[in-house]
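>>> structure for the following, please:
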Amino acid sequence: IMPDEPGDTEAAEESTMLLLSHQQLAMAETLIEQQATLIGQHPDDQDLRLPYAKSLSLAVCVEWLELPHREQLFARLKDFCRSHAENVWLYVTVAKAALALLEEYVKAPERSSDAESMNALIRSLHRGRASQTVSRLPDPLNPFNVIVVDDDLREIRLCLAESDAYLVGPWTRAERFQDASDLID
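Residues are numbered from 1 along each chain as shown. Predicted structure coming up:
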């Protein structure tokens, strides 16, 4: 499957999800690479960025994939999103991937600092996205009808709440009661 038109990237994202759900990593990674190539060919096309970031995020969230590989994909996602920091739509993909890694890190006490780092990243994404007003024009025939879009902000808030909840247990076991209390509040 080669997405050669901008509209095909959404189909590529859906195909990536299907391939990952069937544990077809090699094909999914090929498709992700093809999306990256398409973005390289059309660097100014913002509509290509979100499906690509979602594909990377989906791969990071796959639990059957080995953690080091997921971390590599996460680094790639972060770098991509950092290079397009003005595109706040991408923040939710990083937040979801960070939450998936945080879930793994809280299982291993030696990775507690990594878990806290993921929580801090989600928190900063929330702050960054909350400071931006994003609008879309839902109807090309009525360009003055603007809708403020908060769905991605809501998703980041949910990721943050879930990541906070994951940290309460480890912090309680470590007798960091004030920190746990702050998260609960």
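>>> lowest confidence element among the helices and strands of this structure?
In the chain, no helix or strand scores lower on mean pLDDT, DSSP states H and E than strand 147-148, which sits at a mean of 55.
>>> how near is Thr16 to Ser112?
To Ser112, Thr16 is 31 Å away according to CB to CB, to the nearest Å. Using the backbone N, CA and C atoms, a C-beta is placed for each residue, glycine as well.
>>> same check on Leu90?
28 Å.
>>> neighbour count for those two, which is higher?
Using other CB atoms under 10 Å, the more surrounded residue of Leu90 and Ser112 is Leu90, with 26 against 17.
>>> can you give me the pLDDT of that one?
pLDDT, Leu90: 93.
>>> wait, doesn't it sit right on Ser83?
No. The criterion here is CB atoms under 8 Å, and Leu90 misses it with Ser83 at 9.9 Å.
>>> list the buried residues for the helix or strand where Ile122 lies?
Ile122 belongs to helix 112-130 when assigned by DSSP states H and E. By neighbour count on 16 or more other CB atoms under 10 Å, the buried set for helix 112-130 is 112, 114-116, 118-119, 121-123, 125-126, 129.
>>> buried ones in the top helix by length along the chain?
Ranked by number of residues, the top helix in the chain under DSSP state H is helix 151-173. For helix 151-173, a neighbour-count test (16+ other CB under 10 Å) marks 152-153, 155-157, 159-160, 162-164, 166-168, 170-171 as buried.
>>> list just the nearest of these to Ala11.
Within the buried residues of helix 151-173, distances to Ala11 taken as CB to CB reach their minimum at Asp152, with 21.0 Å.
>>> in contact with that closest one, which residues?
Shown in contact with Asp152 (CB atoms under 8 Å, 6 or more residues apart in numbering): 88-89, 91-92, 129, 134.
>>> so Trp64, which of the three states?
Three-state call for Trp64 (DSSP: H, G, I helix; E, B strand; the rest coil): coil.
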